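Enquirer: need a 3D model of the sequence below.
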Amino acid sequence: MIKNFQLFNKSLKNKDMDALFFEASALYSSLVKKELADLHLSDSVYSPQLAVDELGLDTDLVNELVADYVAQIIKSLVQFEAKLYTLQNSKSKSEVLDYTPFRELAHKNLGVARNLRIKDAEILLHELMLKDDLDYLLTCLEALEVSTITLNVKQAYDTLKLIEVKERFKS
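Expert: Residues are numbered from 1 along each chain as shown. Below you'll find the model as predicted:
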């Protein structure tokens, strides 16, 4: 289960989609204005129109692709967390840090964000590919999490709920 991303854990218990959306939006806005201000991220809501116009795709198809992207990112957050934990563990043992698996995961997700013209996700995933500061990477992951929730809160919730069910069966 995602441990560092408390918003999801809280949301699973409350089952309130509107509250999840507003809390995610508020947290994202705070991160954009404070910790990640130098990235010049947008505080506005994503519109699929740019992808529709530039790619010549139907709006419904773009919205479907965005929902798939949301599910992919939510699943990737679990992997990012595991890779970040490995990096933190290596750092605490004064071992050489291998960012390659972490960066490869960021790169994998970056292509989809670019294709869908999700600019803030592009910027955040690019940062995840380049930076070495573990605290900063965690902040970028938190921003990616909450910005992803705002793209399609129901898809984010459903995907996380599925992950939670699968983890229960593993135990």
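Enquirer: quick check: residue 140 vs residue 62, distance?
Expert: 25 Å (CB to CB, to the nearest Å). Glycine gets a C-beta too; all of them are placed from N, C-alpha and C.
Enquirer: so how many other residues sit close to the nearest residue to residue 116 once chain neighbours are set aside?
Expert: Leaving aside its sequence neighbours, residue 116 sits nearest to residue 51 (CB to CB, 6 or more residues apart in numbering; 5.2 Å). Using other CB atoms under 10 Å, residue 51 has 21 other residues around it.
Enquirer: quick one: pLDDT of residue 51?
Expert: pLDDT recorded at residue 51 is 90.
Enquirer: following the helix or strand it falls within, which helix or strand shows up next?
Expert: Using DSSP states H and E, residue 51 sits within helix 49-55. Heading C-terminal from helix 49-55, the first helix or strand you meet, by DSSP H and E, is helix 59-92.
Enquirer: helices along the protein, start to end?
Expert: 6-14, 17-33, 49-55, 59-92, 100-115, 119-130, 134-151, 153-170 (DSSP state H).
Enquirer: of these, which approaches residue 39 most closely?
Expert: Ranking the helices of the chain by proximity to residue 39 (CB to CB) places helix 119-130 first, at 5.5 Å.
Enquirer: measure the residue nearest to residue 116 to residue 121 for me?
Expert: When residue 51 is compared with residue 121 (using CB to CB), they lie 12 Å apart.
Enquirer: residue 67 too?
Expert: 14 Å.
Enquirer: which of those two has more neighbours?
Expert: A count of neighbours by other CB under 10 Å puts residue 121 above the other of residue 67 and residue 121, at 24 against 17.
Enquirer: isn't that one right next to residue 113, touching?
Expert: Yes: with contact defined as CB atoms under 8 Å, residue 121 and residue 113 form a contacting pair (3.9 Å).
Enquirer: okay, the helices of the chain in a markdown table with distance to residue 42 next?
Expert: Shown next, in a markdown table, are these (distance: least, CB to CB, whole Å):
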| stretch | distance to residue 42 |
| --- | --- |
| helix 6-14 | 20 |
| helix 17-33 | 8 |
| helix 49-55 | 12 |
| helix 59-92 | 16 |
| helix 100-115 | 13 |
| helix 119-130 | 6 |
| helix 134-151 | 9 |
| helix 153-170 | 18 |
